[in-house]
Each structure stands twice: as structure tokens, then as C-alpha cells.
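**Student:** Pasting the sequence and the predicted coordinates here, then a few questions.
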Amino acid sequence: MSVHVNRVIGLAGILMLVLLASSDRAWALGFIDISNVAFATVSDKQASIPVGHAKFCRTHASECQVNVDYVQAENLSDTRWQQLLEINSFYNTTIIPMTDEALYQTTEFWTYPNGYGDCEDYALAKRRALISAGWPASTLMIAVVRQPNGEGHAVLMARTDRGDLILDNQESLIKLWNDTPYQYVKRQSQYDSGEWVDIYDDRPTFVASR
């Protein structure tokens, strides 16, 4: 497909990726230090499943199961980075944002977009496309976040050997999770795509006045 790719990445993101370049050796040795701030820390206990995702799993059971081919993090090669850029750009520029209320007359409905969709639909489409491109399902997780204005939002988190990268329909740049303005609440489990875990995010955040 012909896609106009935004190759620009935020300065903070570039600096962080450079700092993490030493992880190439760690990857070769089969070890990744996920205690690094570039990786979001999660609970080892299950969190509540978003209502929309629970309903989605009832009709897409094969996409909400134990990841038998578990991979801790994907090697962020040039090819993998280009896939992230192209897929993020493609869906951000071809899907027209529209709420579930306007599309389906309900407050929460997760599904694959058909030209229109909200944040969860973008994330589902990007996740499916990356899995089709060869990414392990265990490295692609939808995350629920809180925006500075207090409203909920969903993004796709890609766990790579350079950190957790965020694909966001509201942002053309792909950034490390801790370089985004969101408060992270929870995400899919790496071990089971049908389960969720809490994210420990104690970073100070700016809350916009209403």
C-alpha cells in the first residue's frame, strides 16, 4: 500500500532510543532489563477487563487467548521500526474518528473500523496489522489511559527491546510511553490477550483546567 510516512520522532524519544542502544547486546544475550524507565511496570495480578474488550472477546475468542508463543519484547530492527511508522500512519490517516454513540448508539463498542472508529478501534486495527506483519501477539497490548483533561483514552503499546512504544490515533509521532502526556491505568496481559493488568504510573501529570 502507498503510505505517506511521518519519519519524524520527538527529540526526547530519539535521546531515549539512543540511550537504549546498548540493549542490542542484551537482546543478543536473551536478556532485557524491563526495570528501565522505558518499560511500563505492571502488576502481577489481574485487573478488571474493560467492558468493551470483554464484549469484543466474546465474538473474537481467538484474539483473546493465552499467547503460547510468548516473546518478552520484539527486536526493534529497521524493518520493525518502519512497520510501526507505516501502520500507525496508515490507520491514522484513513480512519475517520467517530464516537460509538454516533456509530452504534451505545457508549462502549470495540470493533474493527470500517472507515470510521474511535480510539479502541484504531488500536485494534493496528494490533491486527502488526501481528499479520509478524509481530508476536505478546508484544502488542492495548492500554487504557487517562488524558490530561481527565477523559479516558486507549492506545496501542508495542513492547520492544528499546522500550514500550505508543501508537496513538491522536498523535502522529511514535513515542516511548513515558514521553506521552497520559496517566496509564491498565493494559492487556502479555501472557494472555484476554486478561488485563494494572500499570503502575506514579509520574506527575498536568491536569488541564475545565
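**Tutor:** Thanks, I have the structure now.
**Student:** For the rest of this, base every contact and every neighbour count on C-alpha atoms.
**Tutor:** OK.
**Student:** now the longest strand along the chain: how far from the chain's centre is it?
**Tutor:** Longest strand of the chain, by residue count under DSSP state E: strand 152-160. In terms of CA atoms, centre = their mean, to the nearest Å, the centre of strand 152-160 is found 2 Å from the chain centre.
**Student:** Can you show me the strands along the chain?
**Tutor:** Under DSSP E, the chain gives strands at 41-47, 96-97, 116-117, 140-146, 152-160, 163-168, 171-176, 183-188, 196-200.
**Student:** ok so, going back, what mean pLDDT does the longest strand of the chain have?
**Tutor:** Regarding strand 152-160, the rounded mean pLDDT is 98.
**Student:** got it, and stretch 85-97?
**Tutor:** Computed over stretch 85-97, the average pLDDT equals 97.
**Student:** Let me know the distance separating the nearest residue to Ser189 once chain neighbours are set aside from Tyr91.
**Tutor:** What sits nearest to Ser189 in space, not counting adjacent residues and going by CA to CA, 6 or more residues apart in numbering, is Trp196, at 4.9 Å. For Trp196, the distance to Tyr91 equals 24 Å [CA to CA, to the nearest Å].
**Student:** Worst mean pLDDT across the helices and strands of this structure, which element?
**Tutor:** helix 23-28 (a mean of 42; mean pLDDT, DSSP states H and E).
**Student:** Scan this structure for its longest helix.
**Tutor:** helix 78-94 (DSSP state H).
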